[in-house]
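Enquirer: coords please:
(one chain, ligands or ions: 2)
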Amino acid sequence: MIKVRLMQKVMESNDAVAAENARKLRDAAVFSVDMMSAPGSGKTTILERTLDALIPALTIGVIQGDVDTTRDAERVQARGAQTVQINTGGACHLDAPAVAGALEDLDLDALDLLVIENVGNLICPTGFALGAHERVMVLSVTEGADKPEKYPAMFRSCSLALVNKTDLLPVLGLDLEAFAEEIARVNPDMQILPVSALTGEGMEDWYQWLRDRMAEGQ
Ligand SMILES: Nc1nc2c(ncn2[C@@H]2O[C@H](COP(=O)(O)OP(=O)(O)O)[C@@H](O)[C@H]2O)c(=O)[nH]1
Ligand SMILES: [Mg+2]
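Expert: Ligands and ions are numbered 1, 2, ... in the order given. Have a look, this model is predicted:
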């Protein structure tokens, strides 16, 4: 059974609730990641592979943000994640109050890692802090290397870009340099990890990034 929460309009300021979410996660020693991208970049596929690689060494929770349906939540729950679905009822991003509600449905004390899969969108989620320790984005190579300059706020708000679907680079006639240069132009501090969630190439670097950040004490 997948729990579904409907996002409700709330009066509290988003940032105040995000700070409260962050406090709750820190108190429970749960490292948390807000994962953002355009629709179809591969967030859920990356998550599925990550769960397969890191469970049972880590206990992992996933909050799935979607406009509608429980399809992604079913995919990650099948891989052993404690899963909560937030249906935004049309909204193009999650907000901190919605995540606060979802946190109540998770057994935080049991978790080591929480990944929040945000609604697929390169614009709306940027302005809404959720309280996660890190913001990570997925840019798939099929989206084109020009996206950082077209959606700079998203690229500036994240510390890591997973450049996904590298298995398709030969088909597209592109190389990684093009993506790295465009990202660096917008956010020189952004770390870039090329991955293919399909073949698994580069995924170990992403798992290590997660382990390192967790070990740093959040
Ligand atoms: N070729 C290729 N396809 C991928 C890769 N990762 C995801 N996909 C495909 O991209 C589509 C969208 O993936 P999904 O994980 O649902 O994206 P999301 O909308 O960001 O969660 C699916 O058909 C996946 O099978 C990859 O590394 N390489
Ligand atoms: Mg998804």
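
Enquirer: Would you verify that residue 52 is located in a helix?
Expert: Yes - Residue 52 forms part of a helix when assessed by DSSP: H, G, I helix; E, B strand; the rest coil.

Enquirer: Name the nearest residue to it, sequence neighbours excluded.
Expert: Spatial nearest neighbour of residue 52, chain neighbours left out: residue 79 (6.0 Å); criterion: C-beta to C-beta, 6 or more residues apart in numbering. Where C-beta positions appear, they are placed from N, C-alpha and C, glycine not excepted.

Enquirer: For the chain, give me the ranges with low pLDDT.
Expert: The model of the chain has pLDDT under 70 over residues 6-12, 218.

Enquirer: let's go with 80 and repeat that
Expert: Across the chain, the stretches falling below the confidence threshold (pLDDT under 80) are 1, 3-12, 217-218.

Enquirer: in it, which spans are helices?
Expert: Assignment of helices within the chain using DSSP state H yields the ranges 14-27, 43-54, 71-77, 96-104, 147-150, 152-157, 169-172, 176-186, 203-215.

Enquirer: list the contacts for residue 56?
Expert: For residue 56, the contacting residues are residue 80, by C-beta atoms under 8 Å, 6 or more residues apart in numbering.

Enquirer: quick one: it and ligand 2, what's the gap?
Expert: With the distance defined as C-beta to the ion, to the nearest Å, residue 56 ends up 23 Å from ligand 2.

Enquirer: which residues does the nearest residue to residue 152 once chain neighbours are set aside contact?
Expert: On the basis of C-beta to C-beta, 6+ apart, the spatially nearest residue to residue 152 that is not a chain neighbour turns out to be residue 186, at 4.9 Å. If a contact means C-beta under 8 Å, 6+ apart, then residue 186 has 148, 149, 152, 155, 156 as its contacts.

Enquirer: hang on, the earlier thing: switch the helices of the chain over to JSON lines; also include distance to ligand 1.
Expert: Below are the helices of the chain laid out as JSON lines (distance: least, C-beta to the nearest ligand atom, whole Å):
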{"stretch": "helix 14-27", "distance to ligand 1": "22"}
{"stretch": "helix 43-54", "distance to ligand 1": "3"}
{"stretch": "helix 71-77", "distance to ligand 1": "6"}
{"stretch": "helix 96-104", "distance to ligand 1": "18"}
{"stretch": "helix 147-150", "distance to ligand 1": "14"}
{"stretch": "helix 152-157", "distance to ligand 1": "14"}
{"stretch": "helix 169-172", "distance to ligand 1": "9"}
{"stretch": "helix 176-186", "distance to ligand 1": "14"}
{"stretch": "helix 203-215", "distance to ligand 1": "9"}
